[in-house]
Every structure is written in C-alpha cells, then in structure tokens.
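Colleague: Fold the following, please.
(2 chains)
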Amino acid sequence: MLIENTFLKVINLSKSYRTDAPPVFEGINFEIEKGEFVCIIGHSGCGKTTILNVLAGLEEATGGDAIMLGKRIQGPGLERGVVFQGHALMPWMTVLQNVAFAVRSKYPDWSKEKIYEHAKKYLGMVGLVNAEGKKPSELSGGMKQRVGIARAFAIEPKMLLLDEPFGALDALTRGVIQDELLKICKETEQTVFMITHDVDEAILLSDKIMLMSNGPNARIAEIVVNTLPKGRQRANLHHDPMYYPMRNHLVDFLVNRSKDLQVKGSNGELEDYQIVTVFPGVDMPVA
Amino acid sequence: MKTLSIKVKGAILSVMILLICLFIWHLATTQKVTPSASVSTNSSEYNALMGQGSGETVQKTGFPTLTQMGQTIYKQLSHPFYDNGPNDKGIGIQLAYSLARVGLGFLLAMLVAIPFGFWIGMSPLAYEAFNPFIQILKPISPLAWMPIALYTIKDSSVSGIFVIFICSVWPMLLNTAFGVGSVRKELLNVTKTLEVSPLRKAFLVILPSAAPTILTGMRISMGIAWLVIVAAEMLVGGTGIGYFLWNEWNNLALSSVIFAILLIGIVGMLLDIAFSKLQKVVSYAD
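Modeller: Residues are numbered from 1 along each chain as shown, chains lettered A, B, ... in the order given. Predicted coordinates:
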C-alpha cells in the first residue's frame, strides 16, 4: 500500500450493525497529517463516535481500513490516547492517582517518584496541581474533563482522540478549557482527531473540519480547510474577516446540505462521490 | 429553649422504651404469694419431681424475674471463660466456639465465592452455565445439608463449619458476579486504551469498582451465617452459643436462655456494624 508519508489514512471505512439495515456510514476516506488538529462535525447518528472508536481500536469496522504510520489499527493501544465524553475517571482514585495510573501503564519501568512527577507536570498543564489529592466526585464537570485531558496527554500518545470532550460543560468553562487545549496542543505538536457539535469550537481549534452527512449511509461530504490564520484566539475570533464565511459555510451544511446527501446516499447515487475540499471565503464552495 | 438533636432525642426515647419493657416484665413476673395449700394433697416428693417443689424451687422454674435475670447476667459475665467439662463452659468460651466456626466457614466461603464470582462476572458464558445450579442451590436451607454433611464429613464440628460455608457462599457469589459484571464500560475502555495487563485490571480497576457490591454480599452472608450457627449448634451439640442455649433449655434455666438470646443479638449487631464500617471504607462517590 502507498502510505509512505501519511500519518493516518482511513480507506473506505464502513459500519453496519445489522445486515438487513443500511450501513450507518460507508465510503469514509480521509487523511490526517502529523500535528494536524482535525474536527469532525455531523448530526447525531451519523457514526462520528463509531469512527473515533474504530480509530481508538475499541470497535471494529465492517469494512475498510484505518492505517496509522503504515500499520493497520487493530485493537486499542497506548500510541492513541482517548478523552471520553463522560470523563471516565476511576471514582475511587484521586486525581493524581488517575493520571499516574495511565503513566504507569505507559512507562511500567519508571520509579514511583518519576511517575508522580510526570503526572503532576501534565496536571499542571491543565491548571489542576492544587486538586491532585481530590477524588473526581469532589470536582466540577470542567475539572473532571481536564483530568481526562491531562491523563490522555500524560501517556504522550502519537494521536489524541477526543469524543465531544466539552459536550456537557457550560459555555464559560468550555471556553477556558478550549484555550488550554489549544495551548497544550501547540506546545506538544499533538495530532488530534476530535468530535464536536459546536461550530465555533471547530473554527477555533481545528486546522481542517470534516463534515459528515446524515446517517444512515453517512459519508464525509466535505473537508473544510480552516481559512482563519493560525494563532486564533477565542476573544477576537469573530472579528476575523474569514470568520463569517467559515461559520456560514459550516452552518449551511449542517442545516441544509447534510440531509440532501443522505437522501442521495440512500438511493445509491453516491457510488463514486468525490469528497469536496473547501476553503470558505477564499473560493466559492461547490454547490 | 435549647433543642436537642434527633440523635439525642432518639436515645432518650430508646432508654424510655427499654424501661417500659423492663417494667412490664417486672409486673408480669412478680408472683402473688400463692398459698401452697395444694402441696398437702400430693406428696412433696412428687411435687419436686414435677418441678413444683415448695419454696424457692417454684420461683426458679417460672419465668425469671428481673432480679434473677440480673443475677444470671452477673454470674455469667463475671466468669465468662471457666471450663468445668463438656456441659459446663463459660459463655465466653461458647461464644468463641461459635465465632470461630462462623469465621472459618465464612472465610472458606470467601475464598471460593470471590474468585468464582469474579470468573462468572467476567464471562457471560460461565454465568449462563452455572446460573441454573446457583439458582437451585441458593434457596436450600443450609440446615438441610446437615445430614449429608454429617454422613460424608463424619465430624459434627466440621459439619457445622460446612453449613456456615454453604449458607454464606451464595450471597457473596452472586454479589461478586453482579459487581464485577457491572463495572462501567467506560472504565473498561480506559484500561483497554491504556493496554493495562489483565492482573492490574482485575486488582486496580474491577476489584475496587465492585468492592462495595462485594462487601454488601459479605454483609448479607455474615447475617445469615450468624442466624444459622445457632440452629446448627443446637443440632450438632457439643459447644457453641447455640448448644449453650439448648442445654440451658434442657436445664429449664430460662434466665440463661434469655441471656443467651440477648448475647446472640448483641454479637450479631456488632458483626453487622463491623461490616458496615468496612463497607464505608471501600465505597466511593460516583
């Protein structure tokens, strides 16, 4: 196979839970380069989480392949860190123990001091050094999610998979953690694949946004390259001249075009559908 | 006016209820001095044989008065560990026998039920395969096993332990299986993505997660075991609080019987408190 330089390549991925029903998604093809931050947006039920789980190795696709660094993804592994939607912290462990548990899994030979030191470094990155002795139940939703992020980063994965990590948080907390995530990703040059429902979040964080049509027969309809310059900040994002073309394009897709594609897909009219790459505000999107 | 907390109020009421009960007891047991006219009709020897001897004997065979009760408690508690041969041992020794049997049977049940419960909790196939047997064996009264135990083991004391084992094993087994089977899938996914070894997963994730459920099972088991030991010791005899109780009944020493009943209740309560403390240690807020 020709996968020399691509970091992650997904080829013709499909998933169906029942043989007598149409597949949830099919013909999923995309690539992610090293250091890229990719968001995937789509309506509920289009199989975003399934795609993420396939990349994480927690679920098997019905057809197609996911290849990371020339190796087919089979089963979960430490080179891919996952931040789960519902934080998934061990409730009987303290914050520090939760992160240290992950660190020890990655580096079983390290001494206890080294493991704790490493864990504390990543807790520091998400601003939680003072909460290290607390149990998850004593933390707010946002803090729990930060621990989840620290845990995922602490194992220094080659790729980070985030399943709607801020879905359950209020807007203010979400903004703060988004900034933190952006900062850490910049420092560590992390490759990230993230599911989100929030268009603004996608514009702020990602280098490219994959738009999925509705399921069943969902596909990746468009890959939208973020035309806003790097170094974006939440505070002045909406003043950027590219912001509204970008945002309008995404919202238009979610409101109108995602449905049309689903109808075509279920009629079998998308056999050789070519994914459109769009640069909103730079050229006009193909209708 | 200073208001007392619910706890203090409750304690005061408890003491009052106790006093009322004791008072009723006192009223019911103070005998009107019946003229023992009837004695003359029968020979006093016959009366003595029928347990109706004159004087203090009448008092002793009736339901004990509070004073008699107090005397018995004082006598038993002042020498709890004396040993005057097989039928006359101090209450401390008898209790120790019972506790040792319960402890041993319970420990054996733990050694079997927790690993086995882990297995059937992890493997749905094993669960399906063993479930019919568990469901049939579980409702059997542990004492029903006694003849088979006595026949095969041929030792009454060990049979007692076996009966405790068999009655404690089911709640622990089912609770362990349930606790292990209902570890949150998210947490298991975390261990998968972290490539945690099976042993580390079992001890650091599944066991702590299921511990509160397992402890609940152990607490239920201990409660049942303490219920069953009394009956089992009445059957097999020899030693133990159950045997003591039955022996005192044969002696018609009702005050000792009541004393044994009270003690069984208190020890049972202490055991339950101990397990509820353990439960608190392993429980966690989600």
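Colleague: Tell me which residue in the stretch 151-287 of chain A sits closest to chain B.
Modeller: Chain B sits closest to residue A:155 of the stretch 151-287 of chain A, with a gap of 6.9 Å, by C-beta to the nearest C-beta. Placement of C-beta: from N, CA and C, glycine included.
Colleague: Tell me the spatial nearest neighbour of that residue, not counting adjacent residues.
Modeller: residue A:106 (4.2 Å; C-beta to C-beta, 6 or more residues apart in numbering or on different chains).
Colleague: Quick check: residues of chain B near chain A?
Modeller: B:184, B:186-187, B:189-190, B:192-196, B:200, B:204-205, B:208-209, B:211, B:282, B:284-286 (C-beta under 8 Å from any C-beta of the partner chain).
Colleague: ok so, going back, confirm for me that the residue of the stretch 151-287 of chain A closest to chain B is in contact with residue A:101.
Modeller: No - Residue A:155 sits out of contact with residue A:101 when judged by C-beta atoms under 8 Å, with a separation of 10.3 Å.
Colleague: Around chain B, which positions in chain A sit nearby?
Modeller: So far as C-beta under 8 Å from any C-beta goes, chain A lies against chain B at A:56-58, A:75-78, A:80-82, A:84, A:86, A:88, A:90-93, A:101-102, A:105-106, A:135, A:137, A:155.
Colleague: that older thread, list the residues that contact the residue of the stretch 151-287 of chain A closest to chain B.
Modeller: A:78, A:81, A:102, A:103, A:105, A:106, B:194 (C-beta atoms under 8 Å, 6 or more residues apart in numbering or on different chains).
Colleague: Report the beta-bridge partners for the second one.
Modeller: Judged by DSSP bridges, the bridge partners of residue A:81 are residue A:160.
Colleague: since we're on it, how many residues are nearby?
Modeller: 27 (other C-beta atoms under 10 Å in any protein chain shown).
Colleague: Could you check how far it is from residue A:163?
Modeller: 12 Å (C-beta to C-beta, to the nearest Å).
Colleague: what comes up buried for stretch A:111-119?
Modeller: A:115, A:116, A:118, A:119 (16 or more other C-beta atoms under 10 Å in any protein chain shown).
Colleague: any weak-confidence spans in the stretch 151-287 of chain A?
Modeller: A:270-272, A:283-287 (pLDDT under 70).
Colleague: so where do the helices sit in it?
Modeller: Applying DSSP state H, counting those that start in this stretch to the stretch 151-287 of chain A gives helices spanning A:171-188, A:199-205, A:243-252, A:258-266.
Colleague: quick revisit: got the confidence number for the residue nearest to residue A:155?
Modeller: Predicted confidence (pLDDT) for residue A:106: 93.
Colleague: so who does it touch?
Modeller: Neighbour list for residue A:106: A:78, A:154, A:155, A:156, B:194 [criterion: C-beta under 8 Å, 6+ apart].
Colleague: just checking, what packs against the helix of greatest length in chain B?
Modeller: Longest helix of chain B, by residue count under DSSP state H: helix B:91-122. Packing partners of helix B:91-122 (3 or more C-beta pairs under 8 Å, 6 or more residues apart in numbering or on different chains; DSSP states H and E): helix B:124-137, helix B:156-181, helix B:207-236, helix B:241-250, helix B:254-282.
Colleague: picking up where we left off before, spit out the residues that contact residue A:155 and residue A:101 alike.
Modeller: residue B:194.
Colleague: how close does the residue most central in space within chain B get to residue A:59?
Modeller: Central residue of chain B (C-alpha atoms, centre = their mean): residue B:226, 1.9 Å from the mean position. Separation of residue B:226 from residue A:59 (C-beta to C-beta): 48 Å.
Colleague: Which pLDDT value goes with the nearest residue to residue A:59 once chain neighbours are set aside?
Modeller: Leaving aside its chain neighbours, residue A:59 sits nearest to residue A:53 (3.8 Å; criterion: C-beta to C-beta, 6+ apart). On pLDDT, residue A:53 comes in at 93.
Colleague: in the stretch 1-150 of chain A, which ranges drop under the pLDDT threshold?
Modeller: Checking the stretch 1-150 of chain A against pLDDT under 70 turns up A:1-5.
Colleague: now the strands: where do they sit in it?
Modeller: Taking DSSP state E, counting those that start in this stretch to define them, one finds strands in the stretch 1-150 of chain A at A:8-15, A:25-32, A:37-41, A:63-68, A:71-72, A:80-83.
Colleague: Buried deepest among these, which one?
Modeller: Highest mean neighbour count of the strands of the stretch 1-150 of chain A: strand A:80-83, a mean of 26 (counted as mean count of other C-beta atoms under 10 Å in any protein chain shown).
Colleague: I'd say residue A:99 and residue A:154 touch.
Modeller: Yes - if you go by C-beta under 8 Å, residue A:99 and residue A:154 touch, sitting 5.2 Å apart.
Colleague: intersection of neighbour lists for those two?
Modeller: A:119, A:122.
Colleague: Show me which of these two is the more surrounded one.
Modeller: Applying other C-beta under 10 Å to residue A:99 and residue A:154 shows that residue A:99 carries more neighbours, namely 31 against 26.
Colleague: Once you drop chain neighbours, what's closest to the more buried one?
Modeller: Closest to residue A:99 by C-beta to C-beta, 6+ apart is residue A:119, at 3.9 Å.
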